Each structure stands twice: as C-alpha cells, then as structure tokens.
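A.B. asks: Sharing a sequence plus its predicted fold:
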Amino acid sequence: MRVEHLAGLERLAAMTTILQRARLTHDTAGIWDAADVQWWWRRPRPSDDVATPVWFDAEGPVAAVALTDWDRAWQVDAIVVPGTVELEAVWDRALDAAEASGAPSLEVLARDEDAELRALLARDGFRETDERSGTTWMLATDRPPVAPVPEGYRLTDRASDAAGPHPMRVRNGEEVEARLRQTSLYDPSLDLVVRTHDDDVAGYALFWFDDVTGVGMLEPMRVEDEHQRRGLARALLTEGLDRLAAHGARRLKVGFDGEAGRNLYLGAGFVLVSTDTTFRR
C-alpha cells in the first residue's frame with residue numbers, strides 16, 4: 001500500500017475508481033457512487049486545488065480523502081473500498097486536511113446505520129443537524145413506462161440540441177458544460193431538458209451511466225417554479241430511466257433531500273434503502 005497526494009482531475013479520477021470498486025463489493029452500500037463526485041466537479045471550487053491523500057494497492061486506488069467546498073461549508077469524505085484501509089485511518093487524515101484548509105465550517109453526510117462513522121463524528125465534535133436525506137434504488141427492469149411530455153412542451157437532450165448556453169448554467173455557473181465534459185461518465189445524450197415552444201427552459205435532468213458497475217443515476221433534476229405540477233418531472237424521470245436501461249444500466253439510483261423528491265421517486269417505483277443525516281462542526 002502506498003499513499004500519494006492528489007488534487008484536481010487526478011483526484012477525481014482516483015475517487016471515481018475507488019467508488020466503482022466499492023460499489024462492486026455491494027449493490028447498495030454507502031452513500032456515494034462515481035457519478036456523485038463527477039457531478040460535484042461541475043464548477044470550480046477552492047477545494048479542487050487542495051492535494052489530499054489517496055491510498056493505492058497493487059491494482060489501483062482504494063481509499064481517498066475528499067474535500068468539497070459548498071460555500072456554506074466544506075464537505076469532508078473518507079472514501080474507502082471495504083476490506084482495504086481502516087476507515088479511522090482515512091478519516092483522521094481527512095480531518096487533518098480539512099483543518100489545514102482553513103474552512104470555517106465542516107460537514108459530513110452519514111448513513112443513519114453507519115455506527116462506525118457516527119462514532120468518529122461524535123468523537124471529533126461534529127453535531128447532528130436536522131438536515132435529512134435518503135437514497136432509493138430500483139432494478140432497471142422495474143422502471144415505469146415513459147410518461148408523455150405535456151402539451152406545450154418538448155423534451156430534448158444536449159447531444160441533439162447543443163445550441164446556446166447550457167440549461168444548468170444559471171444555478172451552476174457558465175463553466176458547467178465544460179466542466180461536465182471533463183468527466184469520464186458525462187453523456188450529452190443523457191443530459192435532458194424540457195423547453196416551452198418559445199424555447200424557454202422549463203426543467204432539466206442529468207442522468208449518468210457507469211458501465212463498470214452497471215448503475216444508472218439521476219443527479220440533478222429541476223423543474224422551474226412556474227412549470228411545476230404539470231407532469232414535467234415525471235416525463236423527465238421516466239424518459240431518463242428508459243435511456244439508462246437502453247445504455248445497459250441494470251440498477252437505478254436516485255437520492256432526495258425533500259418531501260417532493262421522495263414522493264416522486266417512491267411513486268415511480270424506487271425503494272428507499274437508506275436515510276442519512278448531515279453533521280456539522
């Protein structure tokens with residue numbers, strides 16, 4: 001086992017491999033998949049340039065410290081392939097790196113049944129917040145039928161409709177498309193948008209397919225306020241799941257942090273597998 005300090009795209013590539021290897025050990029364990037960390041790359045962050053430890057065995061990376069600046073706080077993650085490096089050893093290095101970064105506030109998302117991580121958080125002064133979220137899963141063969149796009153709207157994707165600014169730039173910055181295209185899992189044919197006949201963006205959803213693990217994931221989805229409750233979310237969701245299955249996805253995953261998302265995904269047939277709590281220091 002050796003340890004290297006990596007930053008930027010090198011660390012992203014290592015974390016992608018670690019999460020893929022971890023997912024191959026268990027169908028639904030953990031919170032994150034490779035697509036999650038690739039989605040975090042969508043805009044530049046000060047944390048991109050902070051070199052953090054990555055552990056390697058003879059086959060490649062097996063554990064890493066991840067720091068992600070979310071403006072409100074820096075998220076700290078100790079990402080480990082089960083059976084390789086002790087979580088406590090990676091967590092201690094993660095906390096050292098976070099403290100050295102000078103971030104005024106740190107936060108961690110922990111599964112409610114993850115007693116080992118929760119014990120480390122309690123030991124190191126992290127406090128449980130009231131911020132709750134969850135993760136749902138579905139077999140691709142159980143996906144719902146594709147719902148029609150409501151009248152007055154059209155659904156397209158970035159592969160066939162690449163003209164003009166990216167629909168997610170308003171919330172994610174002008175560099176969002178360039179950054180997404182730097183990642184290994186981004187596929188413009190899975191980058192969906194619903195537009196009005198006037199070509200205004202009514203909603204969007206980004207789906208990710210990981211051919212190493214067979215997992216298809218949704219992150220993010222947004223329907224603009226003035227277009228909600230018209231069936232656009234259902235149309236985006238079902239179209240994206242169908243495309244993931246066509247790409248070869250065997251299992252489908254989506255997380256939620258609000259009641260509306262929870263109801264949409266459970267109503268579409270996803271099964272709640274875990275609930276999570278945000279801890280902050």
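C.D. replies: Received the coordinates, thanks. Residues are numbered from 1 along each chain as shown.
A.B. asks: Hmm, Ala162 is touching Pro188, no?
C.D. replies: Yes. Judged on Cβ atoms under 8 Å, Ala162 makes contact with Pro188 at a distance of 7.1 Å. Yep, even glycine has a C-beta here, placed from its N, CA and C like the rest.
A.B. asks: More neighbours: those two, which one.
C.D. replies: When Ala162 and Pro188 are compared for neighbours, Pro188 comes out ahead with 17 against 12, by other Cβ atoms under 10 Å.
A.B. asks: check contacts around the more buried one.
C.D. replies: Going by Cβ atoms under 8 Å, 6 or more residues apart in numbering, Pro188 touches 157-159, 162.
A.B. asks: gap between it and Glu239?
C.D. replies: As defined by Cβ to Cβ, to the nearest Å, Pro188 lies at a distance of 15 Å from Glu239.
A.B. asks: do Arg181 as well
C.D. replies: Between Arg181 and Glu239 the distance, using Cβ to Cβ, works out to 22 Å.
A.B. asks: Compare these two and say which is more crowded by neighbours.
C.D. replies: Between Arg181 and Glu239, counting by other Cβ under 10 Å, Glu239 is the more crowded of the two (21 against 10).
A.B. asks: which residues does that one contact?
C.D. replies: Glu239 touches 146-147, 155, 192, counting by Cβ under 8 Å, 6+ apart.
A.B. asks: Now the two most distant members of the residues you listed.
C.D. replies: By the measure Cβ to Cβ, Ala147 and Leu192 form the most distant pair in the contacts of Glu239, at 12.9 Å.
A.B. asks: So which of these two has more stuff around it?
C.D. replies: The neighbour comparison of Ala147 against Leu192 (other Cβ under 10 Å) goes to Leu192, with 25 against 16.
A.B. asks: what about the more buried one, helix or strand, and which?
C.D. replies: Using DSSP states H and E, Leu192 maps to strand 191-196.
A.B. asks: do the same with Val65
C.D. replies: Secondary structure assigned from DSSP H and E places Val65 in strand 60-69.
A.B. asks: Do a quick rundown of the strands in the stretch 51-200 of the chain.
C.D. replies: Per DSSP state E, counting those that start in this stretch, the stretch 51-200 of the chain carries strands over the ranges 52-57, 60-69, 74-80, 106-111, 127-139, 153-157, 191-196.
A.B. asks: so Val3 bridges to which residues?
C.D. replies: Trp55 (DSSP bridges).
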